[in-house]
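1. Sequence and computational prediction follow.
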Amino acid sequence: IPVRIDVVSIFPEYLAPLRLSLVGKAIESGLIGLGVHDLRQWTHDRHRTVDDTPYGGGAGMVMRPEPWGEALDELAGPDTRVLIMSPSGRRFDQRLAEELAAEPHLLLACGRYEGIDARVARYARTRARVDEVSIGDYVLNGGEAAALVIAEAVVRLLPGVIGNPESLAEESHAAGHDRLLEYPVYTKPPSWRGLDVPEVLFSGHHAQIAGWRRERAMELTRERRPDLLPADDAAVTISRATLA
Ligand code: ADE
């Protein structure tokens, strides 16, 4: 199996969707190995306690380090990339997804409550590469939904998971598309409720269609996500002209 993904959570049922759809098919076909683990298996008290009150006071509960330490000892090795889900982590994006798709082993740690005792990340760094990762600037109740997002974004990049790999290069945020937003797409019928498909798409003129799509992608990106535009558009235009 080329890639293994382990997820640790106190709500392992939350990760059930990973067995469905695209990721599920990749598991069935042996492209990835998936392990979903209940953090409480590494507790030893009668109540299987995973959290406690924060030192220094404050609201909410903090996850105790001991069960996490045992989980890491059991699941993480030198080839493991550990990802700790946290709203204060490094922002997850397509670049990081591409980087992670090249790793042999991912361990996704899902915290709940107000977070995991900070010593866990420090300890994990002594035995593996570790990133704290956020999927966006909003707060979830726990890392499980973030782990679902990351697993799906990574697994679909693995060779053999998506039928037509060319569709990967063309989509929004892909490197092959200069990481612009995707151009608008159309299918039949040519006219629908008074709305027409742009004429150029019927032309059969491939260079003209590519040019039109690139313009639409640039326009859309400038409108909605100017932060994604290359620092210097002009430099990109020149380098493309030089390559062509
Ligand atoms: N846990 C809570 N909020 C999160 C977020 N935005 N990203 C990753 N993990 C989280």
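-> Nice, thanks for sending it over.
2. Next one: the residue lying farthest from the centre of the chain from the ligand, what distance?
-> Here the chain reaches farthest from its C-alpha mean at residue 194, the gap being 38.7 Å by Cα atoms, centre = their mean. Noted for residue 194: a distance of 42 Å to the ligand, by Cβ to the nearest ligand atom, to the nearest Å. Every C-beta, even on glycine, is put in place using the N, C-alpha and C of the backbone.
3. pLDDT wise, what is that residue at?
-> pLDDT, residue 194: 98.
4. quick one, phi/psi of it?
-> phi 80, psi 0 (degrees, to the nearest 10).
5. List the contacts of it.
-> Residues counted as contacts of residue 194 (Cβ atoms under 8 Å, 6 or more residues apart in numbering): none.
6. Distance of it relative to residue 35?
-> Taking Cβ to Cβ, to the nearest Å as the measure, residue 194 falls 53 Å from residue 35.
7. Tell me which residues are up against the lengthiest strand in the chain.
-> Counting by DSSP state E, the longest strand found in the chain is strand 80-91. Residues outside strand 80-91 that contact it (Cβ under 8 Å, 6+ apart): 72, 76, 96, 100, 103, 105-111, 115-116, 120-121, 124, 128-140, 142-144, 146-147, 150.
8. Angles on the backbone of residue 180, please.
-> phi -90, psi 170.
9. got it, and residue 110?
-> Backbone torsions for residue 110, taken as degrees, to the nearest 10, come to phi -100, psi 110.
10. Please report the number of neighbouring residues for it.
-> A count of neighbours around residue 110, defined by other Cβ atoms under 10 Å, yields 27.
11. again with residue 232
-> As a burial measure, residue 232 scores 9 neighbours (other Cβ under 10 Å).
12. What residues are bridge-paired with residue 109?
-> Beta bridges link residue 109 to residue 8, residue 84 when assigned by DSSP bridges.
13. need the contact list for it.
-> So residue 109 contacts 8, 68, 71, 82-85, 116, 120, 143 (Cβ under 8 Å, 6+ apart).
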